[in-house]
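Student: next come a sequence and a model predicted from it.
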Amino acid sequence: MASVQKHFDFVSIGAYTKDTIVTRSGTRYVDGGGYSYSAHAARLADVSVGAVTRLAAEDRKSTDLLRSVGVDVIIHESPQSTLMRLEYPTDNVDERILTVASVADPFAPEHVAAVRCEAALISPSIRGEVPLEVVEALRKNARLIGLDVQGFVRIRTEQGRLAYERWPEMKQVLSLVDVLKSDAVEGEFLTGEKELHAIARTLASYGPKEIVLTHKDGLMVLANGKTYEHPFLPVELRGRSGRGDTCVGSYLSRRLNADPAEATRWATALTSLKLEAEGPVRRTRADVEALIAARYR
């Protein structure tokens, strides 16, 4: 019997991650995964939001918070969930050590076959989680495809640490992508460039029309040959993990009804609020609008 089609304005795709976060202030345990952070952010754009994830049966309750805020979560169970440890040894939030104890099974085209959407955001944690054929399947059913490079350049070493490795399928995958998200470290690895504008221009030359580039101080977007930049302005920095996922989720969802300049402002302000607390953003649309009016005009 054919699967019932699900229609969304925005949908995120990625595995759930059970995160252990270690900083100088202590150790915390958090339900993570780029799919979740980005879906929480997208709901503030007043669009219909879905999320497709893989996790172990014992972790199904991790989706309760998403469901409680109106996100339709589609679960495909895996024998195990992805278990990740994130260590921040210094005050530089872009310096971190990531290790993985286990990984969820990868997605397959049938896991997204019934999804129809205006924008799909692919947010894996590690290479192999979302194969090329899944990106191709999503391309057929979405007007805009967004992709976070972290889950395509990061591989798991024999010691369990995450490391960057050359991306053999980069040209094939990026030819299918409209909005590409990278952080400064990943961008330098992919392009060999150090300066942010040079990184963005080089990434755009690979095919994506818009580049969302996060760094420790803020957000830069390159769209249609124009650059838009704003700083992150959190009152205090308490929630670094999920920064990029929140940023691209808020940008892509806002982009459905706004131009790149407005979407950049929106994403920077929303992410600033998320940085003030651990876990996904819990603020309101009014909070984001108030911060834009006060600090980003």
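Tutor: Now that the structure is in, tell me what you want to look at.

Student: which residues touch Leu256?
Tutor: Taking C-beta atoms under 8 Å, 6 or more residues apart in numbering as the criterion, Leu256 is in contact with 9-10, 45, 47, 118-119, 144. In short, each C-beta sits where N, CA and C put it, glycine included.

Student: show me where the stretch 151-297 of the chain has its strands.
Tutor: Assigned by DSSP state E, counting those that start in this stretch, the stretch 151-297 of the chain shows strands spanning 154-156, 162-164, 179-183, 210-215, 218-223, 226-231.

Student: so which of the contacts of Leu256 is the most crowded?
Tutor: Among those, Phe10 has the most neighbours (other C-beta atoms under 10 Å), with 30 neighbours.

Student: state the distance from the residue nearest to Val93 when sequence neighbours are not counted to Gly14.
Tutor: Closest residue to Val93 apart from its sequence neighbours, by C-beta to C-beta, 6 or more residues apart in numbering: Arg240 at 4.3 Å. To Gly14, Arg240 is 18 Å away according to C-beta to C-beta, to the nearest Å.

Student: how about Glu95?
Tutor: 24 Å.

Student: the more surrounded of the two?
Tutor: Neighbours were counted for Glu95 and for Gly14 using other C-beta under 10 Å; Gly14 has more, 29 against 12.

Student: which residues in the stretch 151-297 of the chain form helices?
Tutor: 170-174, 184-191, 196-204, 243-255, 260-274, 285-295 (DSSP state H, counting those that start in this stretch).

Student: with mean neighbour count and mean pLDDT added, can I get those helices in TSV?
Tutor: Shown next, in TSV, are the helices of the stretch 151-297 of the chain (neighbours: other C-beta atoms under 10 Å; pLDDT from 0 to 100):
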stretch	mean neighbour count	mean pLDDT
helix 170-174	16	95
helix 184-191	20	96
helix 196-204	19	97
helix 243-255	29	97
helix 260-274	25	98
helix 285-295	15	98
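
Student: ok, Glu236 to Glu278 distance?
Tutor: Taking C-beta to C-beta, one finds Glu236 at 12 Å from Glu278.

Student: tell me the contacts of Leu196?
Tutor: Counting by C-beta under 8 Å, 6+ apart, the residues that Leu196 touches are 184, 187, 213, 215, 220.

Student: how about Gly207?
Tutor: 171, 174-175, 177.

Student: closest to Asp72 out of the residues you listed?
Tutor: Asp72 lies nearest to Val177 out of the contacts of Gly207, by C-beta to C-beta, at 23.8 Å.

Student: hmm, Ala137 is touching Phe107, no?
Tutor: No: Ala137 lies out of contact with Phe107 (C-beta atoms under 8 Å); the separation is 9.3 Å.

Student: of those two, which one has the most company?
Tutor: Phe107 (27 against 20).

Student: let me have the contacts of Leu256 in a markdown table, extended by pLDDT, distance to Tyr206 and secondary structure.
Tutor: As requested, the contacts of Leu256 are exported to a markdown table (pLDDT from 0 to 100; distance: C-beta to C-beta, whole Å; DSSP: H, G, I helix; E, B strand; the rest coil):
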| residue | pLDDT | distance to Tyr206 | secondary structure |
| --- | --- | --- | --- |
| Asp9 | 98 | 27 | strand |
| Phe10 | 98 | 24 | strand |
| Ala45 | 98 | 27 | helix |
| Val47 | 98 | 28 | coil |
| Glu118 | 98 | 23 | strand |
| Ala119 | 98 | 20 | strand |
| Leu144 | 98 | 17 | strand |
